[in-house]
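Colleague: Give me a 3D structure for the following:
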Amino acid sequence: MPLKDYQDALTRLQKGLAQAYRDTPQVLNVPGQSVACKVDPEYYLALEPVFTELMARWAVSFPESVLETLSRTGNVVVCRPLSTHIIPLSVTWAGRDFEVQAMFLLADFVDRALKLYAGAAAPLPVSELRIRADDRGAVEAFFGALTPPKSLAYL
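Modeller: Numbers count the residues shown, from 1 in each chain. Predicted structure coming up:
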């Protein structure tokens, strides 16, 4: 059985995300309005399941296909022991705390989409969204052998 090529699906996802960003820039990196915010130079924190559902709509796909493509191409962090991409977290911005279901996307996936298909001159900066420091241990355990977000992702 031949291996599945995810390049076309990944390109569709990136083009869909870039078009959504061009249409509504607040879709990324604005805490309280966005479905994904950069919390570290290497990672975006995305709200689940809304991020996957919107990506499916933007890329004219199915949520299951979005998750398969992102996980098989290494663009989403998956907790291997638990076989899940979702982690419950407490996040904060502007002095307010919120409980969210989140996933971590590689910043390269989003930044490349914006550069190639939205004409962004530079990657987006790290947003004001922070993960509560109490959740750092859970995040590090979730990442396992992968490099977790740096200290600046926490408050």
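
Colleague: C-alpha from now on. contacts and neighbour counts both.
Modeller: Will do.

Colleague: Could you pick out the longest strand of this protein?
Modeller: Looking across the chain with DSSP state E, the single longest strand is strand 96-106.

Colleague: CA atoms only: put that one into CSV for me.
Modeller: These are the backbone C-alpha positions of strand 96-106, laid out as CSV (Å, rounded to 0.1, in the frame of the first residue of the first chain):
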residue,chain,number,x,y,z
ARG,A,96,-8.3,37.9,33.1
ASP,A,97,-8.1,34.1,33.4
PHE,A,98,-9.9,31.6,31.1
GLU,A,99,-10.1,27.8,30.9
VAL,A,100,-9.7,26.5,27.4
GLN,A,101,-9.3,23.3,25.4
ALA,A,102,-6.2,23.9,23.4
MET,A,103,-3.8,22.4,20.9
PHE,A,104,-0.3,23.5,20.0
LEU,A,105,0.6,24.2,16.3
LEU,A,106,4.1,24.7,15.1
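
Colleague: Give me the contacts around that strand.
Modeller: With CA atoms under 8 Å, 6 or more residues apart in numbering as the contact definition, strand 96-106 has outside contacts at 42-49, 75-77, 85-92.

Colleague: From the chain's centroid, how far away is that strand?
Modeller: Mean C-alpha position of strand 96-106 versus that of the full chain (CA atoms, centre = their mean, to the nearest Å) differs by 9 Å.

Colleague: Name the residues of that strand that are buried.
Modeller: Buried residues in strand 96-106, counted by 16 or more other CA atoms under 10 Å: Q101, A102, M103, F104, L105, L106.

Colleague: what's the answer for stretch 75-88, then?
Modeller: Neighbour-count burial for stretch 75-88, counted by 16+ other CA under 10 Å, picks out N75, V76, V77, V78, C79, H85, I86, I87.

Colleague: Repeat that for stretch 144-155.
Modeller: Using 16+ other CA under 10 Å as the test for burial, stretch 144-155 gives P148, P149, A153, Y154.

Colleague: For the third one, give its distance to W93.
Modeller: Distance from A153 to W93, counting by CA to CA, to the nearest Å: 11 Å.
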